[in-house]
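Peer 1: The amino acid sequence is not available; the structure is as follows:
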């Protein structure tokens, strides 16, 4: 287990996945704790003394899977040094680290510092505590004249989730434009996890490429606190443009860039982001469906 302990034998069924939601958490084989083996015990029985079952251990296979998922922490690779600055303190030929202030972004607990070279400029950012829940890009503040930003899931590229699915860019037929979106997903969402849906748009009157535009976060309609009650039981959830976690659709999909608001689009893409505080019981999705609609076609939902 993660804590280094051992547990008793547990029943398994051959050829059936065993989800480790039995209260013992993730299993870890670690020589430093003495837990270096995975043991299997097989019991054979028969009612006929002349016929006995047999076990071919040469065909015994054991496949382990680790879920790569996080809880949206701050990560080193998502920082961008827009300006390395100058004149930062240097003592004995070595730069003095500069603390950062991380605010907003929906998360808590994130902490980092800017590493300063002997030339008195910033060369990299080092995270000391990733924190959790940063689903938007936080604001980064530091002393001096350096400038550091963060590329979260809302930026045109990058993002701090370990799990995301991005659709292909969808181009509407010539002469057609849409003003709203609906996304439908069959989801398994256990406690301590979340499933976010983002969208990116391009209007026919926008002169810049689609890839330059930012992602916008949708809201899940209805019960935003929905939690699955049975393992691997999928429930259809609906997402729409609207204030995150409001549960209400605004019935229009727009974006603003360089002072211009675009309320019709001809190109779009969808991004699904999943996160969890557990690497054992994780969210799952299937049957993604997306519908582009006129902005006046759907009544208010909630």
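Peer 2: Everything's here; your move. Quantities reported herein were computed from a predicted structural model and do not represent experimental measurements.
Peer 1: Residue 221 and residue 197: what is the separation?
Peer 2: With distances taken as Cβ to Cβ, to the nearest Å, residue 221 is found 11 Å from residue 197. Every C-beta, even on glycine, is put in place using the N, C-alpha and C of the backbone.
Peer 1: what do you get for residue 63?
Peer 2: The value you get for residue 63 to residue 197, if Cβ to Cβ is used, is 31 Å.
Peer 1: Repeat that for residue 225.
Peer 2: As judged by Cβ to Cβ, residue 225 and residue 197 stand 16 Å apart.
Peer 1: more neighbours, those two?
Peer 2: A count of neighbours by other Cβ atoms under 10 Å puts residue 197 above the other of residue 225 and residue 197, at 27 against 8.
Peer 1: does residue 208 really touch residue 260, like I thought?
Peer 2: No - applying Cβ atoms under 8 Å, one finds residue 208 not in contact with residue 260, separated by 10.7 Å.
Peer 1: contacting residues for residue 199?
Peer 2: Contact analysis of residue 199 by Cβ atoms under 8 Å, 6 or more residues apart in numbering lists 181, 183, 215, 216, 218, 241, 253, 268, 269, 270, 271.
Peer 1: Secondary structure of it: a strand, I assume?
Peer 2: Yes - assignment of residue 199 by DSSP: H, G, I helix; E, B strand; the rest coil places it within a strand.
Peer 1: Pull up the per-residue confidence for it.
Peer 2: What the model reports as pLDDT for residue 199 is 98.
Peer 1: For the residue of the chain positioned farthest from its centre, which three-state class applies?
Peer 2: When distances are taken from the C-alpha mean of the chain, residue 50 lies farthest, 57.3 Å away, according to Cα atoms, centre = their mean. With three-state DSSP as the basis, residue 50 sits in coil.
Peer 1: Can you check the pLDDT for it?
Peer 2: Residue 50 carries a pLDDT score of 84 in this model.
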